[in-house]
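Student: Return a 3D structure for these sequence lines:
(one chain, ligands or ions: 1)
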Amino acid sequence: MIVFKAQGVTKVYHMGEVQVHALRGVDLELHHGEFVVLLGPSGSGKSTLLNILGGLDVPSNGSITYAQKTLTDYDDASLTLYRRENVGFVFQFYNLIPSLTARENVALITEIANDAMSPEEALDIVGLADRMNHFPSQLSGGEQQRVAIARAIAKKPNVLLCDEPTGALDVKTGSLVLDVIEHVNKTLGTTTVVITHNAVISEMADRVIYISDGEIAKIEKNHIKKTAKDLVW
Ligand SMILES: Nc1ncnc2c1ncn2[C@@H]1O[C@H](COP(=O)(O)OP(=O)(O)OP(=O)(O)O)[C@@H](O)[C@H]1O
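Tutor: You can find the predicted model right below:
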């Protein structure tokens, strides 16, 4: 089942006289429940594509459908609703609110979402049931990222979009965080897209999409996937 369909998607940023062509015509289909890794050099357009899929940004041209509805026809209010109901985001830097505990950071989302799990349940999934009442400053980087993942998945999103989720973490902690993302993908059936600079992570994907200079250079399917725990880097 196709979740996203992008056709001829371009993105041009205008910086005074200069035009930056971040995406130059992307055609892409993403399927329900799949785990996709986006790989490509710095500046190739990965974050721009992820942000457009997540409704944080809009393309200059082309169309995107999500569950057969045309996102590119949505106004700001509809895009906000789309994000709220369907998309969880995880970024490299965890963006937790320092004055709130882990539980309260997750509750911020569960209070506004329909049919959300409880903050306790979400924190339990990421292995932090016993750290619920700790503040971000009392947690390690990996633990903070797991709180950010709990916050992203608590509303049971159909789609989880992760922009370099392990970029700020050491190998062991990064592997733990990937293990959590893998678990969410498998148990909740969440369509998952992970941007990374680390080619090793692509071994756990169903498909690997290579982006180069604003275009899809190639797409590879992994016939045998590794689990996060089996990755060596
Ligand atoms: N808001 C913006 N205004 C102007 N140019 C931008 C903006 N956002 C991104 N760009 C430019 O668009 C191009 C693609 O950027 P993007 O962040 O999508 O790349 P990326 O592949 O995610 O890079 P990285 O791996 O370094 O995060 C780059 O040349 C970048 O400088």
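Student: From residue 109, how far out is residue 88?
Tutor: Here the criterion is CB to CB, to the nearest Å. By it, residue 88 lies 9 Å from residue 109. To be clear about C-beta, it is placed using only N, CA and C from the backbone, and glycine gets the same treatment.
Student: More neighbours: those two, which one.
Tutor: Higher neighbour count among residue 88 and residue 109: residue 88, with 27 against 20, using other CB atoms under 10 Å.
Student: Output the host helix or strand of that one as CSV, nothing but the C-alphas.
Tutor: Secondary-structure assignment from DSSP states H and E places residue 88 in strand 87-90. Provided in CSV are the C-alpha atoms of strand 87-90 (Å, rounded to 0.1, in the frame of the first residue of the first chain):
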residue,chain,number,x,y,z
VAL,A,87,3.5,12.5,11.7
GLY,A,88,6.1,12.0,14.4
PHE,A,89,9.4,13.8,14.1
VAL,A,90,12.8,13.0,15.6
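Student: Which elements pack onto the helix or strand just after it?
Tutor: Following strand 87-90 in sequence order, the next helix or strand is helix 102-110 (DSSP H and E). Secondary-structure packing of helix 102-110 (3 or more CB pairs under 8 Å, 6 or more residues apart in numbering; DSSP states H and E): helix 119-125, helix 141-153.
Student: And those: which comes nearest residue 44?
Tutor: helix 141-153 (23.7 Å; CB to CB).
Student: Next, the angle from the closest one to helix 102-110.
Tutor: Using axes from the mean of the first three to the mean of the last three CA atoms, to 10 degrees, the direction of helix 141-153 lies 30 degrees away from that of helix 102-110.
Student: Pull the contacting residues for residue 150.
Tutor: 102, 106, 119, 122, 123, 125, 126, 128 (CB atoms under 8 Å, 6 or more residues apart in numbering).
Student: out of everything not next to it in sequence, what's closest to the residue nearest to the spatial centre of the chain?
Tutor: Central residue of the chain (CA atoms, centre = their mean): residue 161, 1.4 Å from the mean position. The shortest distance from residue 161 to any non-neighbouring residue, by CB to CB, 6 or more residues apart in numbering, is to residue 54 (4.8 Å).
Student: ok so residue 10 is a strand residue?
Tutor: Yes. Counting by DSSP: H, G, I helix; E, B strand; the rest coil, residue 10 is part of a strand.
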